[in-house]
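In: below is the structure, and that's it, no one-letter string:
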Ligand SMILES: Nc1ncnc2c1ncn2[C@@H]1O[C@H](COP(=O)(O)OP(=O)(O)OP(=O)(O)O)[C@@H](O)[C@H]1O
Ligand SMILES: [Mg+2]
């Protein structure tokens, strides 16, 4: 009964087949789960954008009267253009320790086909002029609100009530960040409020113009030509920026995530399946080598080539099928928690987890195809075996001199066992390379993931613990007179130190390079904001000139001494200023430039004005301080550094568990490769190893031949793993680097040490298994028969 | 002991009621039943018996590759039947050399290196090059097993077994895979080992003709050591024909 023979053979070699099975299952789990999540993300994104008429372009202006908007609709390529007012306000929440922000967006209740229309989940339409609003679903849920609750906002220096009459989601805020500096959405502290346009005018008395335009384009229209025309026509209204949909924050992050998951859903499974295929190939090839005699007998009995090949392919089919079904099943289940995570971050209404029979079946097929291909490669040799030849022992393995032997000094250092080990490495070059690869992967993935962990910690904590060392940051709603505002803040109880900080959005230009950034201006001897070089030494902001972050310097192609031109977009008609680069500093979070505050004020011709203040104060006095200023009309925000840090720590914890998952995957792959090949090596060389024991070698001495061999591969593999890990960090950094984050690409030595320990432990465990096998040899049996 | 008119060495091994049983489910296979015998220093013993009579079983127990299920075995007065794995390994390492029908050379070591492999673990080894010359393969020292004929491989295996300078040389059908003249070469070497190096040599064979060169012949049947015949006039191998 051939089926029984197969199952028995598989059981005999369970180590290798199990490793194969686990890797296939893991690969398919990743495939089915991520592929179905991607599909569902794609579909729901597309539908949502389509249904809600998501804008193709976003324009910020200083102010444009509603009457002037309609005319812009005539521009060639524009399908529809609508204006709105967007303003951030804070919520009146005296008992809350942190500020809660609401972004108010004006909507026209009469508009039949609004751009970026809100998809209402519950509630009723807004009524013109009524003091009511819609909230985004996440914010509504995070604050346990119910319909008809009233929220008190602080706008125009007054507390004003708005009734919540509905909740919904907008394609513009699928990923709702307050600013680029936020990294992740936090509905606890930031929400979107949609308010009728004429109500907005009463909330902010005196408002007559829009500050944003959104437009959709006709099919086939060129964004660049539309942009040029808009720039021309909007110049009189104080044009600030025009960005295409691709650069819109929410869309960009959503798309990045989808692309990321999509590439992972193909790359990872292919990697896993290839490794499994390799193991299967090696195992089957060896099995056939070993069972030549049996194959010969089957052939002599009259079994056809096809039948025998089918028999050996059934091993592969069995592994592929079992691994495929198990993996796809796990993947289908795993899709639910993944979807759950994305639902927390992304506000996509139609996005839910669905069991996808398509991906389940294609997963199983994929696995079976991979397994059969590997199996065929491994087993095809049975076809060419003549029965008589098959029953003869295989041609003896030809010993060969190897390259190394030319270096006779080195060669002589090895004892006979050592020589044997080294020659064995070259006996089966393919397999040695495979083991090398396995160890390398194991090391590279684990050192890479751990380094990432270290780096993220460093990036984020450094920013809040070493750079921004103030307790509170008070941001003003418009630039204020520095002297009087500092005096005012200083007069509060518990305040120990107050320093001004100017954050000025500018455009920096060098040659044809151009970047919009925020210049941070601080006092020359600031105690609350440290500009640090890569060795954590404090740098003083130069009296004249500007410090650039490394990434910014790269983007502007600037070095120390380069002269940049500096424009403030708020005063586009202003004469251009120039500023000389005085230094380049590392900056991991955000992308800024730094100047000494008074030279910055001179450069933008607003001497004595500051946009925010940093405060150091008694912890206990903070609540009173916040309460006092929260409602002040000229204060936009009060941020507490400690809160940001603890938020960050929370995020890092979630992220940390992901890191460990990846590290685990790396370790499992590495271990499976090392283990299976070590088991196969032992089985294949049973006779040789037993002969050594007959000579009187102890099991330890025999094992040392095998272990020496493995370390001969292992050590170079570990060393090769370092550049591979560096490469992974480099490309990952490239992927991640943005105006938001700049990733340093140094492998931390702690991570390397950990990775080394883990890899070495995998090798060691595999060797223990080998040792057990060697000790269990029954000498008389192994040597009884010929090979 | 008296043999062919001259005294050969002292007792090297003593076996008392050696048995080996294999439990195969319900059935017990009695591979060896209560064999008692002595082995003396410097003698050549041939073990004869039909297939399945327990020859290899006996040899494996003598050589410390296997343990008896019953009975006692002493090597120079030391009990082997109760020795642990470690002691058996040391016993094999220093006292025993094996030669098998299928030579069991390391395929990726040269002839000389194969011999060196056992020299490395021996306490009082013989010179590998001399041995190689003795088996007539001095010029093949750097050849790998795949580059040697069966007879040549068997001679290397013999040199490897002798290199440790063991007291006991155990050969399980050493000529089983060889033709007549090659067999005679190997047998001559075994005879020389026995005489010139004063080894105790035990040869298992199906070939009754070979028994003519032995000092003593053990006859095994169905696991029983039926009788031991002393040969007053051992022939030299070149006179043995079949
Ligand atoms: N591992 C084992 N398990 C069960 N039975 C065994 C085992 N090894 C040997 N036997 C049995 O013990 C008996 C003696 O076997 P042994 O190998 O000693 O015979 P032999 O005389 O060497 O035969 P041959 O001349 O064919 O090599 C046989 O009946 C064999 O079936
Ligand atoms: Mg036998």
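Out: Sure thing, it's come through. Note that the structure is a prediction, hence the values are computed from the model and not measured. Residues are numbered from 1 along each chain as shown, chains lettered A, B, ... in the order given. Ligands and ions are numbered 1, 2, ... in the order given.
In: neighbours of residue A:496, how many?
Out: 12 (other CB atoms under 10 Å in any protein chain shown). In this view, the C-beta of every residue, glycine as well, is placed from N, C-alpha and C.
In: which residue does the stretch 501-650 of chain A bring closest to chain B?
Out: Nearest residue of the stretch 501-650 of chain A to chain B (CB to the nearest CB) works out as residue A:534 at 52.0 Å.
In: so what's the residue in the stretch 1-150 of chain A that ligand 1 sits nearest to up against?
Out: For the stretch 1-150 of chain A, the residue closest to ligand 1 is residue A:12, as judged by CB to the nearest ligand atom, at 16.8 Å. Counting by CB atoms under 8 Å, 6 or more residues apart in numbering or on different chains, residue A:12 makes contact with nothing.
In: what lies in contact with the host helix or strand of residue A:373?
Out: In the assignment (DSSP states H and E), residue A:373 maps to helix A:357-379. Helix A:357-379 is contacted from outside by A:24, A:27-28, A:31-32, A:35-36, A:39, A:269, A:273-274, A:276-278, A:280-285, A:287-288, A:309, A:312-313, A:315-317, A:319-321, A:323-325, A:327-329, A:331-332, using CB under 8 Å, 6+ apart.
In: buried subset of these?
Out: Using 16 or more other CB atoms under 10 Å in any protein chain shown as the burial test, the contacts of helix A:357-379 include A:24, A:27-28, A:31-32, A:35-36, A:39, A:269, A:273, A:276-278, A:280-285, A:287-288, A:309, A:312-313, A:315-317, A:319-321, A:323-325, A:327-329, A:331-332 as buried.
In: looking at the residue of the stretch 1-150 of chain A closest to ligand 1 now. What's its pLDDT?
Out: Looking at residue A:12, its pLDDT is 72.
In: again with the one 5 residues further on
Out: Model confidence at residue A:17, given as pLDDT, is 82.
In: am I right that it is in a strand?
Out: No - counting by DSSP: H, G, I helix; E, B strand; the rest coil, residue A:17 is not found in a strand; it is helix.
In: quick check: closest non-adjacent residue to it.
Out: Closest residue to residue A:17 apart from its sequence neighbours, by CB to CB, 6 or more residues apart in numbering or on different chains: residue A:10 at 5.2 Å.
In: you'd agree that neighbour is up against residue A:317?
Out: No - in this structure residue A:10 lies outside contact range of residue A:317 using CB atoms under 8 Å: 11.5 Å.
In: thinking again about what came up before, toward the C-terminus, what is the element adjacent to the helix holding residue A:373?
Out: Immediately after helix A:357-379, counting by DSSP H and E, sits helix A:381-384.
In: and that following helix, which residues are buried?
Out: Using 16+ other CB under 10 Å as the test for burial, helix A:381-384 gives A:381-382.
In: by contact count, what packs against it?
Out: For helix A:381-384, the contact count by 3 or more CB pairs under 8 Å, 6 or more residues apart in numbering or on different chains; DSSP states H and E identifies helix A:249-290, helix A:305-345 as packing neighbours.
In: can you lay out those helices as a markdown table showing mean pLDDT?
Out: Formatted as a markdown table, those follow (pLDDT from 0 to 100):
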| stretch | mean pLDDT |
| --- | --- |
| helix A:249-290 | 83 |
| helix A:305-345 | 86 |
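In: mind listing what residue B:162 touches?
Out: B:97, B:126, B:131, B:169, B:193, B:197, B:199.
In: export those residues to CSV and tack on distance to residue A:238 and pLDDT?
Out: Output for these, formatted as CSV (distance: CB to CB, whole Å; pLDDT from 0 to 100):
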residue, distance to residue A:238, pLDDT
B:97, 100, 89
B:126, 101, 88
B:131, 100, 86
B:169, 105, 91
B:193, 107, 85
B:197, 108, 80
B:199, 108, 89
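In: quick check: residue A:296 vs residue A:382, distance?
Out: Residue A:296 sits 10 Å away from residue A:382, taking CB to CB, to the nearest Å as the criterion.
In: swap in residue A:671?
Out: To residue A:382, residue A:671 is 31 Å away according to CB to CB.
In: then residue A:340?
Out: The gap separating residue A:340 from residue A:382 is 49 Å, by CB to CB.
In: show me what the helix or strand residue B:60 falls within is packed against.
Out: Following DSSP H and E, one finds residue B:60 within helix B:55-62. For helix B:55-62, the helices and strands in contact under the criterion 3+ CB pairs under 8 Å, 6+ apart are helix A:779-784, strand B:11-24, strand B:27-40, strand B:44-48, strand B:168-172, strand B:200-205.
In: nearest to residue A:174, out of the ones you listed?
Out: Closest to residue A:174 of those is helix A:779-784 (CB to CB; 65.4 Å).
In: isn't residue A:193 right up against residue A:105?
Out: Yes - using CB under 8 Å, residue A:193 is in contact with residue A:105, at 7.1 Å.
In: the closest residue to residue A:328 other than its chain neighbours: how many residues sit nearby?
Out: Spatially, and ignoring its direct neighbours in sequence, residue A:328 is nearest to residue A:363 (3.8 Å; CB to CB, 6+ apart). Using other CB under 10 Å, residue A:363 is surrounded by 28 other residues.
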